[in-house]
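Asks: only geometry, no sequence info:
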């Protein structure tokens, strides 16, 4: 056992950086490559890993300290302190150790020879840690052999049964070989591509900490080869993953590895609540956010595993109900068994929970949209060249925003015994897809016009049908609209999408005779079905909301008031 100083390696074009987080304490056992501290510059934050495995004897820095290349971070009692000799020199080294006992100590103190700059060569790009996903399918290849790619540039898009995500390159260079194709199943560590590029040299200061001392940019080493014998390419520090064009100081408090993980899952970090020190966002926070989005609310893996049973009706005893009947249907005639899609299993479990736990009431009403429909048809005729088709749902979104502003309790959520009133208006709309019902979200609908909302809805609906919606595009809704206008029906009772407190269902409009005080005149009437949480909203407020919504749809000029 020997004492080894772990120093700050070459961290690129950064002079002094501030220590913003200590990840270990004296007495902790650490592994090689385990992060010790987090530092932050005016451009990015990064984690500094350990060059050795061992036990932390003392920490040489504290929060707020400025460190730079060569600064001592911790003192480790390490078993692997002695540099590994080259195969050709091992016998000589052993002979020296027999002849003179101080020799090994001298070998420990002697720094390794500086590595020469790596020549242009092959760099392997592998699948990084993408969380709790296995055998994800390649649904899109974004590059081809001969393409020049930048660090962090997306190479492929993959899809699991929960989400789709893009896999970035861990280095810059020219693609020599592409190792995957459409439809392939891949996992963490699989080889994606071989690049031709130059890897930056390791500086003498970096090697002085030991032969295994990595560059600080090992925060992106997760995409390198996990094999023990495969050298990981050393890349320069990546730009913040969530928004490469934004200044790092304006981003949420999270390390680069967490930012990369969030980007791969399509998670907007500004919407994630951090549980770490000073509100720092951890990988667990990102995973919890993703699960909550995909399930509709926070749901444990055990609950998710029970989802098929809940959907099929197998259970109910925990609610004091008699068991669901078990029937051998085959004895009555021919049958065919088909497994439900993952989306239907998840949504079914959440719909059951919402239907059971929310005291829901539904109001039915009709809105006169005669003039609005005429205006919609004229608008589409005038905008034929733009390619944007305006639907009635776009007007409904805009009308609902106005109603939500007038009746803010409909734009709230329950939090224990308190109500959270949201000062933003994100409207979800149910989209029918081959794999089941999905709910994309139009963010900040109050700030967008009808044409912009129509265009965004078209893009989101297309992605939903293709199974390419990210969790971020299905999260944050404050109110949802479920429209069956293109199919038919009169009224229905939509189930509230928790943690929202209301949902609007609309059916197909029909021409009806309406009494105007003198005579019956033909008017185009749109059926409205408003379901609301009786814990938050009472019947009078719901009736007023529906009436006001009908008035706006009857005359959209009210939105301007």
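Replies: Thanks, I have it. None of the values given here were measured: they were computed from a predicted structure. Numbering: from 1, shown residues only.

Asks: Show me where the stretch 351-500 of the chain dips below the pLDDT cut-off.
Replies: Nowhere does the stretch 351-500 of the chain drop to pLDDT under 70.

Asks: Which residue ranges of it form helices?
Replies: Along the stretch 351-500 of the chain, counting by DSSP state H, counting those that start in this stretch, helices occupy 370-382, 392-406, 450-465.

Asks: I'd like to know which of these is closest to residue 472.
Replies: Using Cβ to Cβ as the measure, helix 450-465 is the one of those that comes nearest residue 472, at 11.4 Å. Using the backbone N, CA and C atoms, a C-beta is placed for each residue, glycine as well.

Asks: Determine which of the helices of the stretch 351-500 of the chain approaches residue 62 most closely.
Replies: Ranking those by proximity to residue 62 (Cβ to Cβ) places helix 450-465 first, at 47.4 Å.

Asks: helices and strands around that closest one, which ones?
Replies: helix 392-406, strand 431-433, strand 441-442 (3 or more Cβ pairs under 8 Å, 6 or more residues apart in numbering; DSSP states H and E).

Asks: please redo it, this time with the cut-off set to 6 Å
Replies: helix 392-406, strand 431-433 (3 or more Cβ pairs under 6 Å, 6 or more residues apart in numbering; DSSP states H and E).

Asks: Identify the residues contacting it?
Replies: Helix 450-465 is contacted from outside by 388, 390, 394, 397, 431, 433, 438, 440, 442, 469, using Cβ atoms under 6 Å, 6 or more residues apart in numbering.

Asks: could you give the angle of that helix to helix 392-406?
Replies: 110 degrees (axes from the mean of the first three to the mean of the last three Cα atoms, to 10 degrees).

Asks: heads up, I number from 14, so please use that
Replies: All set: I'll call the first residue 14, so the last point we hit is now helix 463-478.

Asks: how about helix 463-478: buried residues?
Replies: Using 16 or more other Cβ atoms under 10 Å as the test for burial, helix 463-478 gives 463, 466, 467, 468, 469, 470, 471, 473, 474, 476, 477.

Asks: Give me the residue at the spatial middle of the chain.
Replies: residue 280 (2.5 Å; Cα atoms, centre = their mean).

Asks: wait, what's in contact with residue 507?
Replies: 495, 516, 518, 544.

Asks: one step back: wait, which of the buried residues of helix 463-478 is closest to residue 371?
Replies: residue 477 (24.8 Å).

Asks: Could I get the phi/psi values of the residue nearest to residue 499 when sequence neighbours are not counted?
Replies: In this structure, residue 499 finds its nearest non-sequential neighbour in residue 521, 7.5 Å apart by Cβ to Cβ, 6 or more residues apart in numbering. Here is the backbone geometry of residue 521 (degrees, to the nearest 10): phi -70, psi 130.

Asks: Report how many residues lie close to residue 521.
Replies: 14 (other Cβ atoms under 10 Å).

Asks: Show the pLDDT at it.
Replies: As summarised for this prediction, residue 521 has a pLDDT of 93.

Asks: Equivalent analysis for the one 4 residues further on, please.
Replies: Residue-level confidence at residue 525 comes out at 95, pLDDT.

Asks: for the one 10 residues further on, same thing?
Replies: If you check residue 535, the pLDDT there is 96.

Asks: Also residue 573?
Replies: Residue 573 is given a pLDDT of 75.

Asks: need the contact list for residue 488.
Replies: So residue 488 contacts residue 306 (Cβ under 6 Å, 6+ apart).

Asks: hmm, try it at 8 Å
Replies: Residue 488 is in contact with 281, 284, 302, 305, 306, 454, counting by Cβ atoms under 8 Å, 6 or more residues apart in numbering.

Asks: Make JSON lines out of the helices of the stretch 364-513 of the chain and add distance to residue 333.
Replies: Formatted as JSON lines, the helices of the stretch 364-513 of the chain follow (distance: least, Cβ to Cβ, whole Å):
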{"stretch": "helix 383-395", "distance to residue 333": "48"}
{"stretch": "helix 405-419", "distance to residue 333": "37"}
{"stretch": "helix 463-478", "distance to residue 333": "38"}
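
Asks: Next, residue 282: phi, psi?
Replies: Torsion angles, degrees, to the nearest 10, at residue 282: phi -60, psi -30.

Asks: Mind jotting down where the helices sit in this protein?
Replies: 103-112, 115-122, 217-220, 269-278, 296-308, 314-318, 320-325, 355-370, 383-395, 405-419, 463-478, 552-567 (DSSP state H).

Asks: and of those helices, who's closest to residue 194?
Replies: helix 269-278 (20.4 Å).

Asks: helices and strands around that closest one, which ones?
Replies: With contacts taken as 3+ Cβ pairs under 8 Å, 6+ apart, helix 269-278 sits against strand 58-62, strand 177-181, helix 296-308.

Asks: Could you check the angle that helix makes with helix 296-308?
Replies: 10 degrees.

Asks: longest strand anywhere in this protein?
Replies: Assignment by DSSP state E gives strand 533-546 as the longest strand of the chain.

Asks: residues of that strand that come out buried?
Replies: Buried residues in strand 533-546, counted by 16+ other Cβ under 10 Å: 536, 537, 538, 539, 540, 541, 542, 543, 544, 545, 546.

Asks: now stretch 528-544, how far from the chain's geometric center?
Replies: Distance of stretch 528-544 from the chain centroid (Cα atoms, centre = their mean, to the nearest Å) equals 44 Å.

Asks: wait, I meant stretch 409-416
Replies: Chain-centre distance of stretch 409-416: 28 Å, with Cα atoms, centre = their mean.

Asks: What of stretch 500-509?
Replies: With Cα atoms, centre = their mean, you get 31 Å for stretch 500-509.

Asks: That one: end-to-end distance?
Replies: Stretch 500-509 has its terminal residues 21 Å apart, counting by Cα to Cα, to the nearest Å.

Asks: Could you check it and say which residues are buried?
Replies: In terms of neighbour count (16+ other Cβ under 10 Å), stretch 500-509 has its buried residues at 507, 508, 509.

Asks: and if you look at stretch 46-64?
Replies: 48-54, 56-64.

Asks: Can you give me the distance of the residue nearest to residue 558 when sequence neighbours are not counted to residue 557?
Replies: Excluding the flanking residues, the one nearest residue 558 by Cβ to Cβ, 6+ apart is residue 420, at 4.9 Å. Going from residue 420 to residue 557 by Cβ to Cβ, to the nearest Å gives 7 Å.

Asks: Between those two, tell me which one has more neighbours.
Replies: residue 420 (18 against 13).

Asks: circling back to that earlier point, out of the buried residues of strand 533-546, which two sit at the greatest distance?
Replies: 536 and 546 (31.9 Å).
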